[in-house]
Structures are given as structure tokens and as C-alpha cells.
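Trainee: give me a model of this one.
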Amino acid sequence: MGHDHSHDHTHGANKKILMISFIIITAFMIVEVIGGFVTNSLALLSDAGHMLSDSISLGVGFAAFVMGEKVANYSKTYGYKRFEILAAVFNGAALIGISLYIFFEAYKRFVNPPEVASAGMLIIATIGLIVNIVVAVVMMRGGDTEENLNLRAAFLHVLGDLLGSVGAIIAALLIMLFGFGWADPLASVLVALLVLISGWRVTKDAVHVLMEGTPKSVELDDIIQTIEALPEIVDIHDLHVWSITSGENALSCHAVVDGSLSVNESQQLLETIEHKLEHKGIGHVTIQMESRDHQHVDSLLCQNEQESGPSPGHSH
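Mentor: Numbers count the residues shown, from 1 in each chain. The predicted structure follows:
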């Protein structure tokens, strides 16, 4: 229960952080759009477009946390917690798309450098930098930007925009002081590379969760040894470890036990295993107990093992 309470607390904090970030970013985006039209500055309007992508990603991320709170039902027995991972895939793909668009725009600007309103660009970029620093600090201090994929994806959007603001400030100064028109697209390319790498990593991690891969925080050999170290356990097989969503890991396996165990002893053994695995970061545990005489050997993993050699799901 302690694990679930901790997860609920983190979930609530992450949701609140995303809502605050969404409001700040969206408010500044509106200011930037108005400023762009008033000063007739294309630089400000394009930066507002980048902020719009941040605003959308934060909005989608917030919606994912709200969806994740919906209770489980017969149709969705795990509830809607995976919606957070879908949001992370969306955000990761959006980061990749944004970076490719920046590359395309930068190419056009290298070929045909436009007139840039450098003074206005410098002022707005400086304000943008301050806004993004505030949002990034709020996210880092109040949210789980390491383990929660959804919040991490949104955080990387903000970080990309922060770096974009730094690049825009440097480019504006180079244009103002030396007339280097190429500084604007060059700064864009450097930021786009960082955004592309971030987007790729988030998308890859989210797809790994959707494919029910072994969580990165879980050491499978350590899990097997932890269970098999108990004297009552003879063997385990058909082992599966996966993530339901960020920070929520599940395990299922078949455990061959000494046939002389009573019902109470079996129950105590299950509770011992659950307690040990909770400290290994696994909150949902399902174990099917089997005696040596009635052990289940026709599972898919066992068949695969006979055909292609040992697999992580089976131990001897």
C-alpha cells in the first residue's frame, strides 16, 4: 500500500506541475504572438510557433495525467494509466518533427538570409529565456522528470525551448554587433540537433514500455535470484516483468514449491516475495504456485526454450 500511496502522491505532484507549466507557457505564447504582429517581426512569430508546440505538448501531457486517474473497468482492467505513455510517444514524435522542420527552415535561411529585427528578437528571446528557466526549475523541483516519461517528454520540450532562447539571444547579438545574418539559422540547427536526440530517446523509451519490455530500473537476474533464494522455492519459470506506466512495474511467474507447504505457509511465502519485490521496484506481483508433481510445463516460454535454448523466463 505504501508503494501505491507514494505513486499517487508523485502522480498528483506531476499533474500539478504540468498544469502550472502549461498556463505559464501558453500565457507567454499569447504575449509573443501579439508582440510579433505589433512589431511585424517574423522572428517573434516563428518563436511563438515553437512555444505553441510546447503549449500543446504540455496540454496533452496534462490530459494524460487526468485520463490516467480514470478508474479501471471491465474494458480497461488496468485503467487508463498507459495513456501517459501514449502522450510520451506523441511528445517524442512531436520533438522529432519540430527538429526536422527547424532544419528545413534553417536551410532556407542559409540560402536566402532574411532581414531580422534583431532588437525585438533580443528582447523577446531574453523574456522567453527567463520564462523557460522558471518553468524548467518548477518542473525539476516539483515533478519526477527522471522516472515519469510523460513529464520528462514535456520537460525536454521546455529545455529545447530554453536552449532555443539562448541561441536566439546569441544570434541577435551577433546580428546587431557584426551583421552576421547566418548566426540565426546556425543557432537553430544546433538547437534542432539537441531536440532531435531528446525526441528520439523519449520515443524509444515510451515504445519500450508499450512493447512491455523489461523496465530499465529492474535487473532480471537479481529478481530471479531474490525469488529462488527462498528455501521453499524449487524453481521458477514463465517469468514476465513489464511496466504498466512510468514508475509502476508488474511481475508474473510460475513458482514450483515444495508440495508439503500448507495453505497458510503458501500465503506467507507469497507475502514474503511481494515484500522483497516491492523493494526492487515491483508493486504488482502475480505468482502461480505449483507443486513438483503438477508443475505447468507447456507455457510459451518453455516451448521456445526447447526450440531455441534458455530464455530469461526460465531457470534451472
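
Trainee: report the mean per-residue pLDDT for the helix or strand harbouring Phe62.
Mentor: Assigned by DSSP states H and E, Phe62 belongs to helix 42-68. Average pLDDT, helix 42-68: 74.

Trainee: can you pull the buried residues of the next helix or strand after it?
Mentor: Downstream of helix 42-68, the first helix or strand assigned by DSSP H and E is helix 83-111. Across helix 83-111, burial judged by 16 or more other Cβ atoms under 10 Å covers 83-96, 98-99, 102, 105-106, 109. Every C-beta, even on glycine, is put in place using the N, C-alpha and C of the backbone.

Trainee: now the helix or strand following helix 83-111 against helix 42-68, angle please.
Mentor: Moving toward the C-terminus from helix 83-111, the next helix or strand (DSSP H and E) is helix 118-142. Taking axes from the mean of the first three to the mean of the last three Cα atoms, to 10 degrees, one finds helix 118-142 and helix 42-68 inclined to each other by 20 degrees.

Trainee: ok, back up a step: now the helix holding Phe62, how far from the centre of its chain.
Mentor: 16 Å (Cα atoms, centre = their mean, to the nearest Å).

Trainee: angle of it against helix 83-111?
Mentor: Inter-element angle recorded for helix 42-68 and helix 83-111: 170 degrees (by the same axes, to 10 degrees).

Trainee: which strands and helices sit next to helix 42-68?
Mentor: Contacting helix 42-68 under the criterion 3 or more Cβ pairs under 8 Å, 6 or more residues apart in numbering; DSSP states H and E are the following elements: helix 2-39, helix 83-111, helix 118-142, helix 149-178.

Trainee: how about Leu251, phi and psi?
Mentor: Main-chain torsions, Leu251, degrees, to the nearest 10: phi -140, psi 140.

Trainee: neighbours of it, how many?
Mentor: Using other Cβ atoms under 10 Å, Leu251 has 21 neighbouring residues.

Trainee: my guess is Ala13 contacts Asn148. True?
Mentor: No. The pair Ala13 / Asn148 is not scored as a contact, 9.8 Å apart, by Cβ atoms under 8 Å.

Trainee: which of those two has more neighbours?
Mentor: Using other Cβ under 10 Å as the criterion, Ala13 and Asn148 rank with Asn148 on top: 25 against 15.

Trainee: got the contact list for the more buried one?
Mentor: Neighbouring residues of Asn148 by Cβ atoms under 8 Å, 6 or more residues apart in numbering: 10, 14, 84, 246-247.

Trainee: distance of it from Ala106?
Mentor: Using Cβ to Cβ, to the nearest Å, Asn148 is found at 32 Å from Ala106.

Trainee: list the contacts for the closest residue to Glu32 other than its chain neighbours?
Mentor: Nearest non-adjacent residue to Glu32, counting by Cβ to Cβ, 6 or more residues apart in numbering: Ala48, 4.1 Å away. Shown in contact with Ala48 (Cβ under 8 Å, 6+ apart): 29, 32-33, 36.

Trainee: check the residues you listed against Val138 and report the nearest one.
Mentor: Comparing the contacts of Ala48 against Val138 with Cβ to Cβ places Met29 closest, at 16.8 Å.

Trainee: and that closest one, what does it touch?
Mentor: Going by Cβ under 8 Å, 6+ apart, Met29 touches 48, 51-52, 54-55.
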